[in-house]
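J.: build me a structure from this.
(2 chains)
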Amino acid sequence: MVETRLIDVTGLQSLLDALVARGYRVLGPTVRGGAVVNAEITEVADLPRGWGDDQEPGRYRLRPRDDEALFGFAAGAQSAKPVFFPTDELLWRGRRTAGGSGFEAQSAESAQAAQGGGVEEHGEDGPDTRPTALLGVRSCDLSAVGIHDTVLTGRGFTDAHYAQRREGAFVIAVACSDPGGTCFCVSMGTGPRPEQGRGAPFDLSLTELLAPEHRFVVEVGSERGGALLDEIGATAAARGDLAAADAVTEQAAQRMGRRLDTDGIRDLLYASIDSPRWDDVASRCLACTNCTMVCPTCFCTTVEDVSDLSGESAERHRVWDSCFTADFSYIHGGTVRESTRSRYRQWMTHKLASWHDQFGSSGCVGCGRCVTWCPAGIDITEEAAALRGVPGSNLPTPTSPPTPASE
Amino acid sequence: MTVTDRPGAAATARARPTLAVWKFASCDGCQLTLLNCEDELLRLAGAVEIAYFPEATRAVVEGPYDVSLVEGSITTPEELERIQHVRAVSGRLITIGACATAGGIQALRNFGDVAEFRSIVYAHPEYLSTLSRSTPISAHVSVDFELRGCPVNKHQLLEVLAASIQDRKPRIPSHSVCVECKRRGNVCVTVAHGTPCLGPVTQAGCGALCPSFDRGCYGCFGPQDTPNTASIAHQLSELGMSEPEVVRIFRTFNAASEPFRRESERHETGPAPSAEGEDA
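T.: Purely as a prediction, here's the structure:
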C-alpha cells in the first residue's frame, strides 16, 4: 500500500527547511543562463516558478507560463549525473618523500569533498562534506540513476566515491506534467511518473497540482521520507487529490514529443553495422561530445595524472570522457575509431543494443537531452527510425504550450 | 631522469634545463602569458634556467638550449633564416600560440595579394621585404610540440613546460571546447540562446572562456581533432549568419589552419558550396 500525503507551497518550504536543518546541501532546479539547471537552493523562490520550456532538436528556450507552476518544465540542461558522478574527481594525491627516493600517497577522501560535486565547483571555499538532498528528479533521470547504480556499484568492483555519495543522498522525485518536444520516456518505459521499484529508489515523490489550490501530492518512498513529512505536519491526501495526480501523469504520457520503437531494437542495431545511414549522420555530427556529456547514463571517464613543475607532487584525476573524441579510442599506434561514422555508430549501438547485453537494460531512458543539446540537432529517435527504414515514425503528436490535451 | 638522457637535448649535465623564448611575427601576447604566470614564475625559474628571453631580460646565456618556446609566424626572408638557427640551437622546440602553429591573423595575407596592399599602405613599398604568405613554424623546421591558443592558456603552457622538464607527454586534449563547457556546467549558448559558436569545431584549452560569459567561441585554439566544419557552417547559417560572415568567422587567428581555410573558401563565392574537391 502506497502512502500518500498532501502539502501546499508553504509545506514545500518547510520541507526544504527541514532538509537544511538536517544538514543536507539541497540541490534543485533553478533558472540560470537561460535554462533550468540544478544548483543549491534553500527556498521555494529559488525554483523556476512560472517557467516552462520549449525543446526541439538543437534548440532549448525557456517559456513563461501563465500559471505559478514550480515544476512546469521538462528535462533540465543537466541530469542528476554530475551530482553523484562529478565531472572531475580527485582519486589520490602524492608527494615525493624527503630525499626523493619514494612517494607518499594521500587518499582522496580528504580532498574529494573539495571537488564540490560537480554542480557548483567554483562556489565553495572549502570541502563540502554535507550529504546531498536532490529535489526535482524526473522519472527518466531516476531510471538513469538506477542504471548508474548498476554500472558503478552493482558489479565486480564498486566505485567507492559514487557509492558514498549515493548512500547519503536524499532523493525527492517529481512527476512530469509537461514533457518537452524531445521527450520519449513512455517509449523507454521509464516515465513520466516516478515509480518505486523502477530505477533508483526515491524518498519522496511529488506531483504538482495547480488548481483549485496550488498543492503537491506526496508519495512516501522511505521511512526517513515519511518521518520528514510527519515533522512538517503533512496531512493525508484525499481520494480526489490522488485522482488529480493520476490525471497529471496520464495526460503527460499522452504528450510525449518523440517516440522510439524499441521492438527488436537490439537486433536492429546489430544488423545495421554497415548501414549507409551512418555516413549520413556523420555528415551532420560535429563529434563535439555534447550528447554524451548531457546523457544521464553515459559514464565514460579517463584518468589524468597531473604533476607540478618541480615534480614534487602529483595528482590523479578521473574526468568525464566521451566516445566521440579521437583520444578515446587511442591505443599505441593510433586511434581505433578514426571516423565520426564509427564513433556515432559505437555510441548509438552501445546505448540501444549492447547495453542490454552488458547491463541487462537499455542505456537510453528517453530524457531527450542528446536531441535537445546537440548543436546539429541530431535526433536519436529519428536515426533509429531511419535504420528501420521508416523515417518520421518518431513523431507522434506535436506538443505546444500546455493547454489541456485536445486530441 | 636527468636532462642528458633526453634524445636531442643540447645540454650537458646541468642542474636545470635551459629555456629560450623566441619571437617571430606576433603580438607578444603568448610571451606575456608566460610573464603573467605570477604565482608560478618563481617556481618556474627554479625548475628551468631562463637563458634567453628578450621580452623579460637583457641577460643572455649562450646556447644551445634544452627547450625553446617559439612565438610568431614566418613572414619575412630574415625570419626564414632565423628559424633555422633557432632549430639548430634547440633541444626541444615548442611553438606557442596561433601565429606559430597556424600562421596567425597575419595569415589573412594568404587570401590576398601582398604586392597590391603593400603598395596601398606604404609610401615606399620597395623598402619592405616581406613574404607573400604567413606560415607556421612547422612549415619550415621540425617542431616537437604545438601549443594552441590566441593567446596560449597559462595552465597549458605550464603543463607543457612541466612535461618537457619531466620527459613525459603533455596533457593537452585535442577534443572540442564543448567538453570544457559541459564540465564547467555552462548552458550551451547555441542551443539555449541561439548564439553562433565555433566551440564544437574548436580545440579545448581556454577553459571555455567565451561561452562562460555567454559569448560564442571565436575559435582561438584552432580546429579540434575531428572538426566537421561543413556541419557547423550549416548551423551558423541557420542561426542567421550570412555567407560573408561565415567566411569571416573562420578567418581570424587560425585562418590558415587547413580545416578553417577550406571551409572559409567554400563560402566565398556565394551559395551551394560543393562539399569536396575544391582544394587543389
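
J.: dump the C-alpha coordinates for the helix or strand hosting B:Arg183 into CSV.
T.: Using DSSP states H and E, B:Arg183 sits within helix B:177-184. Output in CSV follows, covering the C-alpha atoms of helix B:177-184 (Å, rounded to 0.1, in the frame of the first residue of the first chain):
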residue,chain,number,x,y,z
VAL,B,177,35.5,23.3,-26.4
CYS,B,178,32.1,21.7,-25.7
VAL,B,179,33.8,19.2,-23.3
GLU,B,180,35.1,22.1,-21.2
CYS,B,181,31.7,23.9,-21.3
LYS,B,182,29.9,20.8,-20.1
ARG,B,183,32.5,20.1,-17.4
ARG,B,184,32.1,23.6,-16.1
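
J.: how far does that helix sit from its chain's centre?
T.: 20 Å (Cα atoms, centre = their mean, to the nearest Å).

J.: buried ones in it?
T.: Neighbour counts over helix B:177-184 (16 or more other Cβ atoms under 10 Å in any protein chain shown) mark B:177-184 as buried. The C-beta positions use only the backbone N, C-alpha and C, and glycine is treated the same way.

J.: could you export the residues you listed as a markdown table, including distance to A:Asp379?
T.: Shown next, in a markdown table, are the buried residues of helix B:177-184 (distance: Cβ to Cβ, whole Å):
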| residue | distance to A:Asp379 |
| --- | --- |
| B:Val177 | 23 |
| B:Cys178 | 18 |
| B:Val179 | 22 |
| B:Glu180 | 25 |
| B:Cys181 | 21 |
| B:Lys182 | 19 |
| B:Arg183 | 25 |
| B:Arg184 | 26 |
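
J.: now distance to chain A and pLDDT too, for those residues, in a markdown table please.
T.: A markdown table is the format used below for the buried residues of helix B:177-184 (distance: Cβ to the nearest Cβ, whole Å; pLDDT from 0 to 100):
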| residue | distance to chain A | pLDDT |
| --- | --- | --- |
| B:Val177 | 8 | 98 |
| B:Cys178 | 4 | 98 |
| B:Val179 | 5 | 98 |
| B:Glu180 | 10 | 97 |
| B:Cys181 | 8 | 97 |
| B:Lys182 | 4 | 97 |
| B:Arg183 | 4 | 95 |
| B:Arg184 | 7 | 95 |
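
J.: the helix or strand following the helix holding B:Arg183 vs chain A: in contact?
T.: Using DSSP H and E, the next helix or strand after helix B:177-184 towards the C-terminus is helix B:189-193. Yes - using Cβ under 8 Å from any Cβ of the partner chain, helix B:189-193 reaches chain A at B:190-193.

J.: quick one: low-confidence ranges for the stretch 101-250 of chain A?
T.: A:108-127 (pLDDT under 70).

J.: can you tell me the helix or strand for A:Val26?
T.: Using DSSP H and E, the element containing A:Val26 is strand A:25-32.

J.: which residue comes closest to whichever residue of the stretch 51-200 of chain A sits closest to chain B once chain neighbours are left out?
T.: Nearest residue of the stretch 51-200 of chain A to chain B (Cβ to the nearest Cβ) works out as A:Thr87 at 4.2 Å. Distance criterion Cβ to Cβ, 6 or more residues apart in numbering or on different chains; nearest residue to A:Thr87, sequence neighbours excluded, is B:Arg183 at 4.2 Å.

J.: also A:Thr325?
T.: Nearest in space to A:Thr325, with sequence neighbours left out and distances taken as Cβ to Cβ, 6+ apart, is B:His175 at 4.1 Å.

J.: and the gap between that neighbour and A:Ser222?
T.: 40 Å (Cβ to Cβ, to the nearest Å).

J.: which of these two has more neighbours?
T.: For the pair B:His175 and A:Ser222, the greater number of neighbours falls to B:His175 (23 against 15), based on other Cβ atoms under 10 Å in any protein chain shown.

J.: which residues does the more buried one contact?
T.: Under the criterion of Cβ atoms under 8 Å, 6 or more residues apart in numbering or on different chains, the neighbours of B:His175 are A:289, A:322, A:324-327, B:203-204, B:224-225.

J.: select only the buried ones of the residues you listed in PyMOL?
T.: Only the buried entries of the contacts of B:His175 go into this PyMOL selection, using 16+ other Cβ under 10 Å:
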select buried, (chain A and resi 289+322+324+325+326) or (chain B and resi 203+204+224+225)
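
J.: save the contacts of B:His175 as a markdown table, and put in secondary structure too.
T.: Below are the contacts of B:His175 laid out as a markdown table (DSSP: H, G, I helix; E, B strand; the rest coil):
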| residue | secondary structure |
| --- | --- |
| A:Thr289 | coil |
| A:Ser322 | coil |
| A:Phe324 | coil |
| A:Thr325 | coil |
| A:Ala326 | coil |
| A:Asp327 | helix |
| B:Gln203 | strand |
| B:Ala204 | coil |
| B:Gln224 | coil |
| B:Asp225 | coil |
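
J.: identify, from the contacts of B:His175, the entry nearest to B:Gly240.
T.: B:Gln224 (23.9 Å; Cβ to Cβ).

J.: show the pLDDT at that closest one.
T.: Per-residue confidence (pLDDT) for B:Gln224: 98.

J.: neighbours of A:Trp355, just the number please.
T.: Counted with other Cβ under 10 Å, A:Trp355 comes out at 19.

J.: quick one: the very next helix or strand once past the strand holding A:Val26 to chain centroid distance?
T.: Note on strand A:25-32: by DSSP H and E, the next helix or strand toward the C-terminus is strand A:35-40. In terms of Cα atoms, centre = their mean, the centre of strand A:35-40 is set 12 Å apart from its chain centre.

J.: sorry, back to before: tell me how far the strand holding A:Val26 is from the chain's mean position?
T.: For strand A:25-32 - counting by Cα atoms, centre = their mean - the centre lies 14 Å from the chain centre.

J.: so where does the closest residue in space to B:Val141 that isn't next to it in sequence fall, helix or strand?
T.: Using Cβ to Cβ, 6+ apart and skipping residues adjacent in sequence, the residue nearest B:Val141 is B:Arg87, 3.9 Å away. Assessed by DSSP H and E, B:Arg87 sits inside helix B:77-88.
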